[in-house]
Structures are given as structure tokens and as C-alpha cells.
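K.L.:
Can you look at this prediction? I've put the sequence above it.
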Amino acid sequence: MNLTLNKNKTHQFTFYYIAAVLMLWLKTYIVQLTQFELGIESVLQQFLLLLNPLGSSLLFLGLAFLFKGKKKFIALIVIDFFMSALLFANVMFYRFFNDFITLPTLTQTQNFGDVSGSIGTLLSPADLLFFADVVLLVFLLTFNFKSLGVKKTAPRKVSALMFLALSISCINLAIAEMDRPQLLTRGFDRNYIVKYLGMYNYTIYDAVQSTRATAQRVFADSNDLTEVRNFTQTSRAEPKPEYFGAAEGMNVIYVHMESIQNFLIDYKLHGEEVTPFLNSLTEEENTLYFNNFFHQTAQGKTADAEFMVANSLYGLPQGSAFTTKGMNTYQAAPAILSQQQGYTSAVFHGNTGSFWNRDEIYKSFGYNEFFDLSYYEMSADQQAEYGLMDKPFFEQSMPYLKALPEPFYANFITVTHHFPFTINEEEATIDKHTTGNKTVDNYFQTARYADEALQQFFDDLKENGLYDNSIIIMYGDHYGISNNHNKAMEQVIGKEVTPFESAGLQRTPLFIRVPGMEGGVNEEYTGQIDLLPTLLHLLGIETDEYIHLGTDLLSEQHDDIIPFRNGDFVSSVFTYADGKFYDSTTGELLDESRLDEAREYQTIAEQKLGMSDKVVNGDLLRFYTPDSFLPVDRSQYNYLNKEDRE
């Protein structure tokens with residue numbers, strides 16, 4: 001059988017190269033169009049989406065010309081395979097995280113085993129088509145390999161090809177800059193980079209950004225901290241007298257409510273409240289409920305939330321500070337409370353201690369104890385996707401909590417209500433939703449389970465004498481339902497999920513219960529970055545010496561501009577989402593007369609993110625120690641598993 005497509009050996013490789021370019025170009029365009037929610041809004045953006053894979057395909061596949069003889073053909077297949085694999089990996093990552101792979105996320109390999117159980121829910125038979133062009137090339141070349149021959153390609157022709165590829169990419173960038181000025185210099189949002197420059201150019205951009213971030217620590221010095229210190233001093237909010245010290249001497253119990261979004265509060269499904277216990281807390285006499293509290297996490301999700309709550313610093317735009325900045329110097333809540341008021345600190349988590357590098361970064365935070373999965377008994381029917389289910393988790397945690405010296409700072413991380421939101425039928429006490437979207441429909445059953453577990457936890461605290469002398473802070477750590485499911489969410493909330501509504505769906509509930517303090521509903525716009533200064537003021541600890549990017553949410557001077565890690569922001573006045581400014585009250589697009597004021601809000605939001613990144617990437621806190629604080633000595637902390645401790 002002879003499948004030789006061109007007997008002129010001079011042109012054989014050129015034919016295969018052109019065929020590979022066309023197939024990769026078309027495949028990438030279709031994938032970017034159908035698999036990612038990029039927000040294409042104009043003919044120009046549609047054209048750029050079609051154009052951007054061409055330059056990359058020509059350039060990277062063109063590297064095969066640098067090889068000699070038949071190795072060109074092998075190199076062509078290998079390069080095509082790796083580009084296809086990169087595309088496929090990003091699709092899988094996007095389905096799970098609604099985001100794109102960054103270089104730092106590739107260092108989080110210790111998490112891969114923990115999330116592998118969810119991968120099956122993301123796969124589709126059609127995914128085999130991601131490698132169809134590679135298979136076709138292998139098939140053709142296998143039957144023609146013996147007859148293939150390649151004369152050396154003239155260097156000027158290779159140079160001309162590279163020039164053409166780079167010219168296309170440069171034209172692409174120039175047009176993109178016309179439609180989206182400062183695309184690369186204000187590149188908070190990876191979605192924009194992929195939309196305008198394409199998946200492969202985004203990968204290059206990300207690698208450059210990640211390298212720059214890594215280099216920041218090497219070149220940082222104490223002078224870099226001056227601007228940050230001035231910014232935080234200027235923006236600090238004075239505590240409100242009636243709240244300052246209201247919880248002094250009390251235990252602190254944090255509960256990270258996995259994937260709980262605020263639309264669940266008072267939501268009824270099939271005539272039933274989905275979260276009856278959380279609903280009751282909105283009316284509890286000593287509980288403040290914040291209905292405009294927003295998560296501000298990025299790729300680190302729960303780890304980002306923990307990072308912000310402990311430090312009042314933002315998570316990183318790429319990867320997670322937990323995994324890439326675990327050895328940094330921090331002035332975190334556990335260390336501050338230990339040194340200022342003699343608190344003992346502990347984390348409770350029914351998963352492996354190495355997940356998100358917790359067993360290392362907790363040392364930098366100054367946590368005294370870490371009760372990981374080794375401290376819990378877990379039968380097969382109690383296993384959630386990411387560890388021990390919430391009800392047995394809280395039940396088994398109680399003896400450890402009760403044994404902690406008081407006052408204590410305890411951090412509980414729940415896992416049951418996590419994507420893909422699966423639960424055994426016997427554990428489900430409410431029927432699924434009926435949108436037809438499996439993820440969204442399942443979400444309500446695990447939310448009900450999580451609500452029941454929290455009620456059980458409160459009952460246990462009361463029975464063990466801890467309820468009336470503890471401040472309890474519960475908050476949703478991040479969204480549960482991503483923008484990939486907006487069509488189904490329209491059925492849930494009864495309205496179109498516009499960019500404005502999507503920003504609103506980033507609300508997660510926040511409850512702060514302080515015995516003896518008057519509760520109620522608080523409508524202040526606030527975010528996770530604000531929790532540390534708020535807690536310290538409630539405990540009667542001054543914050544003026546510390547570098548915090550958030551402000552006390554109970555203060556009359558609280559700054560209600562809440563940045564998201566992609567550069568969007570919300571506030572009580574303006575919302576910026578998907579490149580557009582909205583009136584936060586009406587949800588309408590702003591008219592021209594108000595844009596200048598809105599852009600001032602945007603500048604402040606970007607300043608906050610930028611200042612935080614300077615601190616974290618440069619490890620700037622190593623150059624500054626408040627007078628009332630001693631640097632944390634990591635060598636003093638060693639988290640033994642239960643077996644080793646016994």
C-alpha cells in the first residue's frame with residue numbers, strides 16, 4: 001500500500017507541515033470557541049479568536065524545520081502532540097476551576113492525587129477528538145516513513161517562515177491592544193489574554209509573569225516596603241468603639257464553609273429551605289450576618305481564602321501562595337494572637353496534611369497544632385471527595401478542640417460540599433434541583449448536608465460548654481458553581497446571568513457570632529481580606545503596626561471597594577465586571593458621565609492587588625517587624641501525625 005502524497009521529496013515535509021498547521025489551527029479555534037467562556041462580543045474579537053492560533057501554530061510547528069532528515073517528521077508529531085496535550089489539559093482544568101493552567105499550578109503536584117477522583121466527571125467521549133490530528137499524522141507517516149526523504153531546507157526559507165509567524169502574532173497583538181488597551185500591562189484577567197492572544201501565547205505570557213514574580217524576592221529590599229507601608233497606614237480604618245474589645249478573651253472558632261454561596265440563604269427548593277440552620281442564624285440575636293460579603297479567591301480556592309483570612313494579604317494571581325510561598329515571613333493571626341493574648345492555635349481538616357502544602361505553610365503562620373486526616377477514623381461510607389464528611393469530622397474534632405488550652409484560635413475546614421457535589425442517597429435529605437445540569441442539581445443536596453453538619457457542630461459546642469465563650473466566624477470560602485454553568489443558574493435565580501449578575505454570585509455568606517453583642521443583618525460591602533483586622537479589633541488588639549490590605553468591616557471608615565483577583569471589583573457604588581462598569585444598585589451599565597469616577601475605584605482596586613503582590617512575591621515582611629511582634633521561628637513547629645504522636 002502506497003499512501004505517498006507527494007513524490008517530490010523536497011516538498012514532502014512542507015506538505016505535512018502545512019497539513020499539521022491547518023489542523024492544529026482549526027482545532028484550537030474550535031476549542032477556544034466552544035470550551036471556554038471567553039465573552040466574545042464583537043466581530044473583531046471573533047476575528048482575533050480565529051487569527052491567534054495561526055501565528056502560534058506556524059511558529060511552534062515550524063521548529064521541526066530545525067531538525068535533520070526524517071527527524072523532522074518525528075519532531076512535527078511530537079510538537080503537535082504536546083500542543084494538543086496543553087490544549088486538552090487547559091480544557092480539563094477549566095472545567096474544574098473555571099480558569100487556565102499557570103506555571104505555579106504545575107508545582108502543586110501533591111494535590112493531583114487528591115483531585116483525581118473528580119476527573120472522571122469532567123471527561124467526555126468527544127475529548128478523543130483533541131488528538132485526532134496527531135493520530136492522523138502518525139497514521140500517514142507510518143505508511144510512508146520508508147519512502148520519506150527530506151532535503152535540507154534553506155535557512156532563508158526557515159527565517160522567512162518564522163518572520164511570517166511572528167508578524168501574524170504581532171498584528172494580532174496590535175489589533176488586540178486597539179480593542180483592549182494595556183492588555184499585557186494590566187493582565188489581571190487570564191480570560192482576556194486567552195481571548196485576545198490565544199491559548200499558546202497565553203502560556204508564554206504566563207511563563208514570563210511567573211518568572212518575574214519569582215525573581216521579585218531576589219531583587220527586593222527594605223525600600224520596597226515603604227510604599228506599601230504608607231498605603232496601608234493611609235487606608236487603615238479606626239475601630240468603632242462599641243465593637244473594639246467586644247470579644248476580648250473569648251475563644252475564636254473559624255469555619256470555612258466549603259463552596260457555600262449566598263444565594264442559598266432563604267432559598268427554597270421543592271417548597272423546602274435548603275439551608276434552614278444558616279437561615280436561622282440571620283435572625284439570631286448575637287449573630288451579625290453580612291449579605292454583601294464576597295470571596296476573593298483565585299486558583300488557590302480554599303487555600304487562597306485561608307491565606308487572606310490569616311494575613312489580610314491577597315492570594316496570588318497565578319498558582320497559590322500556600323504552595324509557592326510557604327517559606328515566606330508572615331505576621332499571621334495565629335502568631336499575633338499567641339503573642340498578644342496567649343492564644344493556642346489549631347487547624348482541623350479531614351484531609352491529608354500535605355494537601356495545598358498546609359503542613360509547611362502553617363509553620364510560617366505559627367499554628368501550634370494541625371489535626372489532619374491521621375487524627376480521624378474514616379469508614380468507606382464517611383468518605384467525601386476530599387476527605388472525611390462534615391458530620392463525623394465535627395463530631396470527631398470535638399475531643400481535640402475541648403483539650404486545647406483556652407483561649408484558643410481554631411480553624412475548621414469542611415469538605416463535603418465540594419465539586420462534584422456527590423452524596424449517598426441515604427445521606428440526602430432534600431431532592432435534587434431539576435435544571436438538567438448534574439453539577440447544579442447535585443449542589444443543593446450537599447449544601448443541605450453541610451447545613452445539617454453545622455447545626456450539629458453548634459449543638460456540640462453548647463454541650464461541651466464552648467458556645468457561650470467563643471466568637472464563631474463562618475464564611476463561604478469560594479464559589480461552588482462556576483460560570484460554566486450559567487445557563488442552569490439562570491433557572492435557579494430566575495434571571496439572566498449577565499457579567500453583573502455573575503459578579504453578584506461571588507457573594508458568600510458571612511456570620512460573626514459574639515456572645516453578648518447585638519446581631520442583625522449588615523449590608524456593608526466587604527470581602528475575605530477584611531476579616532483579620534476585624535477580628536483583631538473585636539479582640540481588643542490594635543492593628544496600626546501591621547501591614548493589612550483589608551480594613552475593619554465594622555468600622556465607619558471601612559473601605560468597601562472589594563477587588564477580585566482577575567482585576568474586576570465590586571463596591572456599594574460601582575461594579576466592574578468583564579470589562580464593563582455597572583451601577584451596583586441598579587445593575588445598569590454606567591453612562592459616560594460617571595466613568596471617570598468609576599475608573600478611580602478601579603485604580604484603587606488595582607493598587608490593593610499590586611501592593612499585596614509586592615509583599616508576597618518579594619517576601620517583604622522579612623524586612624519589617626512590628627514592635628509588638630516577634631518573627632515566627634518555623635523550627636519550633638512540627639506537626640506529627642496521630643501515630644507518631646502516640
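P.N.:
Thanks, I have it.
K.L.:
show me the residues around the closest residue to residue 548 other than its chain neighbours that make contact.
P.N.:
Using C-beta to C-beta, 6 or more residues apart in numbering and skipping residues adjacent in sequence, the residue nearest residue 548 is residue 312, 3.7 Å away. Any C-beta I mention is one placed from the backbone N, CA and C, and that applies to glycine too. By C-beta atoms under 8 Å, 6 or more residues apart in numbering, the contact list for residue 312 reads 529-533, 546, 548-550.
K.L.:
which residues of the stretch 451-600 of the chain score low on pLDDT?
P.N.:
In the predicted model of the stretch 451-600 of the chain, no residue satisfies pLDDT under 70.
K.L.:
following the worst-scoring helix or strand of the chain on mean pLDDT, which helix or strand shows up next?
P.N.:
Every helix and strand of the chain was ranked by mean pLDDT, DSSP states H and E. The lowest is helix 112-115, at a mean of 48. Next helix or strand after helix 112-115 toward the C-terminus (DSSP states H and E): helix 132-144.
K.L.:
For that next one, list the C-alpha coordinates in CSV.
P.N.:
The C-alpha trace of helix 132-144 is given here as CSV (Å, rounded to 0.1, in the frame of the first residue of the first chain):
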residue,chain,number,x,y,z
ALA,A,132,-7.4,13.3,16.1
ASP,A,133,-5.0,15.3,14.0
VAL,A,134,-2.0,13.7,15.8
VAL,A,135,-3.4,10.3,15.2
LEU,A,136,-3.9,11.1,11.5
LEU,A,137,-0.3,12.4,11.1
VAL,A,138,1.0,9.3,12.8
PHE,A,139,-1.1,7.1,10.5
LEU,A,140,0.0,8.8,7.3
LEU,A,141,3.7,8.9,8.3
THR,A,142,3.8,5.3,9.4
PHE,A,143,2.8,4.0,6.0
ASN,A,144,5.1,6.4,4.2
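K.L.:
Show me what the next helix or strand after it is packed up against.
P.N.:
Once helix 132-144 ends, the next helix or strand along the chain (criterion: DSSP H and E) is helix 155-179. The contact analysis (3 or more C-beta pairs under 8 Å, 6 or more residues apart in numbering; DSSP states H and E) places helix 155-179 against helix 43-62, helix 190-197.
K.L.:
Need the winner for burial among these.
P.N.:
Highest mean neighbour count among the helices and strands packed on helix 155-179 (mean count of other C-beta atoms under 10 Å): helix 190-197, with a mean of 24.
K.L.:
what angle do that helix and helix 155-179 make?
P.N.:
Here helix 190-197 points in a direction 130 degrees away from that of helix 155-179 (axes from the mean of the first three to the mean of the last three C-alpha atoms, to 10 degrees).
K.L.:
Give me the next element, helix or strand, following helix 190-197.
P.N.:
Going down the chain from helix 190-197, the next helix or strand is helix 199-219, by DSSP H and E.
K.L.:
just checking, what packs against the helix or strand following that following helix?
P.N.:
Next helix or strand after helix 199-219 toward the C-terminus (DSSP H and E): helix 224-235. Other helices and strands packing on helix 224-235, by 3+ C-beta pairs under 8 Å, 6+ apart, are helix 595-618.
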